[in-house]
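Asks: just need the structure, nothing else, for what follows:
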Amino acid sequence: MEFHSKRFEEATMGKAIMLVRNGRFELEVMEENHITRQLIFSELRSNGVSTLGQVGTLYLEASGIFSLYKLNNPVLGLSVYPPIDGGLFNEQKKADHMIASKNCGHVQHLSEIGVCGNCGKNEWSKAVK
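Replies: Alright, predicted model coming up:
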């Protein structure tokens, strides 16, 4: 006999949380769960991801394991390599006239520089392919 209750499962096992959706950080979820960008970047790099634009969703499962679902057609995004790593970061192909928010990963045209419409911050990097 099998018994399945979503409420019981969440109470005993917890539930998965979405940390990245369509190339953007889920900032409120990250803050509520004390998850840093550095932790996410590390996980993405260890899974062969070089830009947030490759990520459809990234979950932190109740078990503590990350589940990554890549986009079939990657888009421009924020690099997951630290700028201090001149080699990998500098080798990435930068998009002309496109920038990515260092805070949330939102990508927009350089002519719209200023406060990010998604997160309200004003820290940008060149978007990468």
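
Asks: what sits up against the longest helix seen in the chain?
Replies: The single longest helix within the chain, with elements called by DSSP state H, is helix 37-46. Helix 37-46 is touched from outside by 19, 20, 25, 30, 52, 55, 58, 66, 68, 80, 81, 82, with contacts defined as CB atoms under 8 Å, 6 or more residues apart in numbering. For every residue, glycine as well, the C-beta is placed using N, CA and C.

Asks: among these, which ones are in strands?
Replies: Counted as lying in strands by DSSP state E, out of these, are 19, 20, 25, 55, 58, 66, 68.

Asks: as TSV, those residues with neighbour count, distance to residue 44 and pLDDT would be great.
Replies: Listed next are these as TSV, based on neighbours: other CB atoms under 10 Å; distance: CB to CB, whole Å; pLDDT from 0 to 100:
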residue	neighbour count	distance to residue 44	pLDDT
19	23	10	98
20	25	8	98
25	25	11	98
55	27	7	98
58	23	7	98
66	19	9	97
68	18	7	98
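
Asks: which of the residues you listed lies closest to residue 122?
Replies: Taking CB to CB as the measure, residue 122 sits nearest to residue 25 out of these, at 16.2 Å.

Asks: tell me the helices in this structure, going along the chain?
Replies: 6-13, 27-32, 37-46, 86-91.

Asks: nearest to residue 114, of those?
Replies: Smallest distance to residue 114 across the helices of the chain (CB to CB): 18.5 Å, for helix 27-32.

Asks: what is that closest one packed up against?
Replies: Helices and strands touching helix 27-32, by 3 or more CB pairs under 8 Å, 6 or more residues apart in numbering; DSSP states H and E, are strand 17-21.

Asks: quick check: longest strand of the chain.
Replies: strand 94-101.

Asks: how far off centre is that one?
Replies: 16 Å (CA atoms, centre = their mean, to the nearest Å).

Asks: got the contact list for it?
Replies: Under CB under 8 Å, 6+ apart, the answer for strand 94-101 is 52, 76-79, 106-111, 113, 116, 118-119, 121, 123-129.

Asks: which among these count as buried?
Replies: 52, 76-79, 106-108, 116, 118-119, 124, 126-128 (16 or more other CB atoms under 10 Å).
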